[in-house]
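Undergrad: how does the following fold in three dimensions:
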Amino acid sequence: MVNQKTNLNPKYNFDNFVVGRFNELAHAAAWDIAENPGNSYNPLFVYGGVGLGKTHLLQAIGNHSSELFPEKQIKYIPCERFVSGIVDAI
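TA: Numbering: from 1, shown residues only. This next block holds a predicted model:
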């Protein structure tokens, strides 16, 4: 069930993200961002093929950060909805 406030799915977290040799750097960067938002890897650019864990990793950042920093406002917006909002605004 998606959190209505953040639009994050709680099933996407660091505990169940499978870390391998090809994504360990991305995982480490995501963890650092979640622990220290705005201080490192800013901006973060995530790129890769379908099914490689991009959404899982980004939502894990949001879920972990919202637990550590409940006073911060976090909102996950899929790219197509973000771009559509910008086009509508223009």
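Undergrad: the most centrally placed residue in the chain sits in which helix or strand?
TA: Note on the chain: the residue nearest the mean C-alpha position is L58, at 1.8 Å, using CA atoms, centre = their mean. Assigned by DSSP states H and E, L58 falls within helix 54-68.
Undergrad: and the next helix or strand after that helix, what's buried?
TA: The helix or strand immediately downstream of helix 54-68 is helix 79-89, counting by DSSP H and E. Within helix 79-89, no residue is scored as buried using 16 or more other CB atoms under 10 Å. Where C-beta positions appear, they are placed from N, C-alpha and C, glycine not excepted.
Undergrad: quick one: average pLDDT of helix 79-89?
TA: Averaged over helix 79-89, pLDDT sits at 94.
Undergrad: N3: what's it in contact with?
TA: N9, P10 (CB atoms under 8 Å, 6 or more residues apart in numbering).
Undergrad: now do the SS call for it.
TA: Following DSSP: H, G, I helix; E, B strand; the rest coil, N3 is assigned to coil.
Undergrad: now do Y47
TA: coil.
Undergrad: pLDDT score assigned to it?
TA: Taking Y47 on its own, its pLDDT is 89.
Undergrad: same thing with the one 3 residues further on?
TA: Model confidence at V50, expressed as pLDDT, equals 91.
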